[in-house]
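>>> After the sequence you'll find the predicted model.
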Amino acid sequence: MHRLKQLVMALILLLVLLLGVAFAAQNGTRVDVDLLLVQLPSTRLATLVLIAFVAGGLAGLGSSSLALARMGLGRRRLERQLERCERQLQELRVGSKS
């Protein structure tokens with residue numbers, strides 16, 4: 001099953017790569033980008049789309065990493081609290097047997 005999953009992922013990656021190459025070949029038109037204060041030199045449309053795609057991916061990874069880090073800290077805090085509660089419960093059980 002693991003091998004099949006790897007094969008499917010490799011095929012999907014290959015398909016995305018081929019679509020990217022086809023997209024770049026079809027969108028070789030040069031465009032001018034004006035960012036109000038900065039005007040970028042004439043650049044191929046495919047390059048700009050690729051830059052936007054990578055920037056979006058990095059922004060997504062960054063924001064999800066922050067969320068995962070916050071969740072990890074919360075989980076560790078809850079684990080410590082659970083350990084304290086389990087110790088207290090054990091002490092109460094031992095104390096009630098006496």
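Yes, it's here. As the structure is a prediction and not an experimental result, all values here were calculated from the model.

>>> mind listing the strands for this protein?
Ranges of strands in the chain, per DSSP state E, are 30-35, 38-44.

>>> Give me the contacts around the first one.
Just to be clear, that refers to strand 30-35. 39-40, 42-45, 48 (C-beta atoms under 8 Å, 6 or more residues apart in numbering). Placement of C-beta: from N, CA and C, glycine included.

>>> Out of the strands of the chain, which gets nearest to residue 21?
Of all those, strand 38-44 sits nearest to residue 21, with 13.5 Å by C-beta to C-beta.

>>> Please work out the angle formed by the directions of the closest one and strand 30-35.
With axes from the mean of the first three to the mean of the last three C-alpha atoms, to 10 degrees applied, the angle from strand 38-44 to strand 30-35 works out at 160 degrees.

>>> ok so, going back, can I get the strands of the chain in TSV including distance to residue 93, mean neighbour count and mean pLDDT?
Formatted as TSV, the strands of the chain follow (distance: least, C-beta to C-beta, whole Å; neighbours: other C-beta atoms under 10 Å; pLDDT from 0 to 100):
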stretch	distance to residue 93	mean neighbour count	mean pLDDT
strand 30-35	67	10	90
strand 38-44	69	10	90
